[in-house]
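Trainee: give me the fold of what follows.
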Amino acid sequence: MSTRTLPLLFINLGGEMLYILDQRLRAQNIPSDKAKKATVAGWIEEDRRRVMNDIITTMFNKKFLEELFKPQELYSKKALRTVFDRLAHASIMRLNQASMDKLYDLMTMAFKYQVLLCPRPKDILLVTFNHMDAIKDFVRDTPSILSQVDETYRQLIEIYTPLSGGEFQLIRQTLLIFFQDMHIRVSIFLKDKVQNSNGRFVLPTSGPVPYGTHTPGLIRMFSCNGEEVKRTQFRDGGNYTSALREGSFELFGDRVIKLGTNMYSVSRPVETHMSGTSKNSSQHTKVNTIPNPLAKEELNLLAKLMGGLEVQKPSNTDSGFRVNLFATDEEEEEALISRPEELSYEVINIQATKDKQANAELAKIMGEFTEAGEPSPSSSSKGMSEPLMSLWKSIAVG
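Mentor: Have a look, this model is predicted:
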């Protein structure tokens with residue numbers, strides 16, 4: 001497992017989330033009680049920009065990214081899902097459980113598809129830059145947020161461009177392990193015939209080969225002196241072409257590959273369906289349904305790092321507007337009822353306030369770890385990263 005995978009997973013999933021929300025915000029109808037005769041169009045655009053800016057500001061919070069880019073194991077699927085739950089609600093927009101489930105399904109399946117189709121493991125970084133380029137375009141008129149995005153570019157280039165092909169292969173393998181049990185059918189992929197009815201993707205047998213490699217179809221044999229002595233051709237079974245050039249790994253440039261660009265730029269209805277494989281894996285999923293107090297504390301810390309997420313739910317439920325990722329409210333209600341309970345995630349009410357009780361609890365948790373930084377045998381929390389433990393200590397002392 002690579003300890004450099006988490007930032008790429010977070011940024012690419014965040015990019016897919018922004019694509020989807022942008023598309024739905026543009027298509028969202030304005031409730032009649034909020035529409036004003038002369039300012040309807042301005043209201044839509046103003047609030048769409050506010051939602052996008054708020055989410056991107058939170059996503060690229062400096063303190064959170066500092067911890068994110070430190071070498072560490074991936075967060076659990078539940079912890080990562082909760083982070084995106086909070087991130088999606090970092091503005092005035094509100095999603096109910098069914099729409100949040102659908103949003104997360106679309107995010108994960110889109111990035112899984114991109115990882116599977118990357119010609120080279122290193123091209124995962126180009127996919128990330130495609131997402132970053134689109135995010136930068138979302139906030140091109142907001143210099144303060146633009147500087148946060150540019151700083152993330154700098155860290156990506158500094159940390160990932162020097163990595164070897166073997167290190168990128170380990171990153172790719174770590175991502176595929178994370179996604180291996182996710183087989184959710186997405187209408188766009190089904191219509192384009194790149195996904196089967198069981199939720200598994202179809203890998204192409206044609207198109208450009210990875211940069212720096214030759215098209216298949218030729219076998220060359222050499223003597224012990226290194227001289228070519230024979231050539232044999234064979235049918236490769238596909239229609240392959242040579243890669244024209246390598247994508248740019250700089251701040252600006254042509255990324256060449258299209259994976260990671262916005263597939264919702266053309267308005268297309270998107271539906272998700274649970275595959276038979278996912279439904280039958282409920283026993284595996286139910287293992288993690290029992291709440292873990294220490295896991296909740298970890299999520300509290302994640303929320304604190306992301307900044308501004310400790311805001312309580314307003315008493316006035318009309319302070320934000322609701323976004324529906326389904327065609328109608330009826331479809332959303334039906335999805336909420338029919339979705340298997342074990343496949344939905346309950347949103348935890350996270351509070352990252354500093355009070356005596358919280359400090360006492362954090363000190364108690366800190367005491368369950370040895371001086372060497374490893375969990376004691378009696379601890380019920382496993383796999384907690386060193387950066388999180390260090391932050392726990394600083395928060396407890398503070």
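Trainee: ok, Arg120 touching Gly165?
Mentor: Yes. Contact between Arg120 and Gly165 holds when scored by C-beta atoms under 8 Å: they sit 7.4 Å apart. For every residue, glycine as well, the C-beta is placed using N, CA and C.
Trainee: which one of the two is surrounded by more residues?
Mentor: A direct count of neighbours by other C-beta atoms under 10 Å for Arg120 and Gly165 places Arg120 higher, at 21 against 11.
Trainee: can you classify that one as helix, strand or coil?
Mentor: coil (DSSP: H, G, I helix; E, B strand; the rest coil).
Trainee: quick one, what contacts it?
Mentor: Applying C-beta atoms under 8 Å, 6 or more residues apart in numbering, one finds that Arg120 lies in contact with Gly165, Phe168, Pro210, Tyr211, Gly212.
Trainee: how does it look with 7 Å?
Mentor: The contact partners of Arg120, taken as C-beta atoms under 7 Å, 6 or more residues apart in numbering, are Pro210, Tyr211.
Trainee: wait, isn't Ile124 in contact with Ile171?
Mentor: Yes. With contacts counted by C-beta atoms under 7 Å, Ile124 reaches Ile171, the gap being 6.4 Å.
Trainee: give the residues shared as contacts by these two.
Mentor: Common contacts of Ile124 and Ile171 (C-beta under 7 Å, 6+ apart): Leu8.
Trainee: quick one: the strands in the stretch 151-300 of the chain?
Mentor: With DSSP state E, counting those that start in this stretch, the ranges of strands along the stretch 151-300 of the chain come out as 184-186, 206-208, 218-222, 228-233, 239-241, 272-274.
Trainee: contact partners of the fourth one?
Mentor: Think strand 228-233. The contact list for strand 228-233 (C-beta under 7 Å, 6+ apart) reads Gly217, Leu218, Ile219, Arg220, Met221, Phe222, Ser223.
Trainee: poorly predicted segments of this protein, please.
Mentor: Applying pLDDT under 70 to the chain flags residues 29-43, 266-398.
Trainee: which non-adjacent residue is nearest Leu8?
Mentor: Nearest residue to Leu8 in three dimensions, chain neighbours excluded: Thr128, at 5.5 Å (C-beta to C-beta, 6 or more residues apart in numbering).
Trainee: what packs against the strand or helix carrying the one you found?
Mentor: Assigned by DSSP states H and E, Thr128 falls within helix 123-138. In terms of contacts (3 or more C-beta pairs under 7 Å, 6 or more residues apart in numbering; DSSP states H and E), helix 123-138 is packed against helix 6-27, helix 40-59, helix 143-160, helix 165-179.
Trainee: just put those helices in a markdown table and tack on distance to Asp133.
Mentor: Converted to a markdown table, these look like this (distance: least, C-beta to C-beta, whole Å):
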| stretch | distance to Asp133 |
| --- | --- |
| helix 6-27 | 9 |
| helix 40-59 | 13 |
| helix 143-160 | 9 |
| helix 165-179 | 20 |
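Trainee: nearest to Phe252, out of the ones you listed?
Mentor: helix 143-160 (9.5 Å; C-beta to C-beta).
Trainee: how many neighbours does Ser242 have?
Mentor: A count of nearby residues for Ser242, using other C-beta under 10 Å, gives 10.
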